[in-house]
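1. Following is a predicted model, sequence given first.
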Amino acid sequence: MARVILLDAGPLGMVTHPRANPDIVDWLKAMLYSGATILVPEIADYEVRRELLRAKKSKGVKRLDQLKRTIGYLPISTQAMLLAAELWAQARNQGYPTADDKALDADVILAAQASTLNDTGDDPVIATTNVGHLSRFAQADQWQNIN
């Protein structure tokens, strides 16, 4: 079973920032050297990219694109979106929404993307700064705790 780490928007933004936190850069390198597969999920790319575009930070967009080419990219599949809709409905029916009812809710989309990797025999974990919402639906931990 392969270890797969999906970067949430928080860690992804930190890694692609021009003055990246050296701790997260060292962590990312250590994970890669350990043989883990690190992926940029499409929904996290969207969250980081939209803010870079809004702020007119073209160099940040280039760094994001380079990172995706270097470590890997996980596009959103129909399977993930169908599962995300189920997770969204379940969370609301149980009284635990992760976002406003009118929001896209990137957390459930990211969790669904991770869950689709379970079907391939991988062992996905989401590296995040927001464990609370994500851990209801998929394995997630603070990026510093993943080793």
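-> The structure has been received and is ready for your questions.

2. what distance separates the helix or strand containing residue 47 from the middle of the whole chain?
-> Per DSSP states H and E: residue 47 is located in helix 42-54. Helix 42-54 sits 11 Å away from the centroid of its parent chain (CA atoms, centre = their mean, to the nearest Å).

3. Tell me which residues are up against it.
-> For helix 42-54, the external contacting residues (CB atoms under 8 Å, 6 or more residues apart in numbering) are 6-9, 12-13, 16, 58, 60-61, 64, 68, 73-76, 106, 109-110, 113. Quick note: C-beta positions are derived from backbone N, CA and C, even for glycine.

4. and the lengthiest helix in the chain, C-alpha only, in PDB?
-> Criterion DSSP state H: the longest helix present in the chain is helix 78-93. The C-alpha coordinates for helix 78-93 follow below in PDB (Å, rounded to 0.1, in the frame of the first residue of the first chain):
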ATOM      1  CA  THR A  78     -16.900  12.400 -11.400                       C
ATOM      2  CA  GLN A  79     -16.600   9.700  -8.700                       C
ATOM      3  CA  ALA A  80     -15.200  12.300  -6.300                       C
ATOM      4  CA  MET A  81     -17.900  14.800  -7.000                       C
ATOM      5  CA  LEU A  82     -20.700  12.300  -6.500                       C
ATOM      6  CA  LEU A  83     -19.200  11.200  -3.200                       C
ATOM      7  CA  ALA A  84     -18.700  14.800  -2.100                       C
ATOM      8  CA  ALA A  85     -22.400  15.400  -2.700                       C
ATOM      9  CA  GLU A  86     -23.200  12.400  -0.400                       C
ATOM     10  CA  LEU A  87     -20.800  13.700   2.300                       C
ATOM     11  CA  TRP A  88     -22.200  17.200   2.100                       C
ATOM     12  CA  ALA A  89     -25.800  15.900   2.500                       C
ATOM     13  CA  GLN A  90     -24.800  13.500   5.300                       C
ATOM     14  CA  ALA A  91     -23.100  16.300   7.300                       C
ATOM     15  CA  ARG A  92     -26.100  18.500   7.100                       C
ATOM     16  CA  ASN A  93     -28.500  15.700   7.900                       C
END
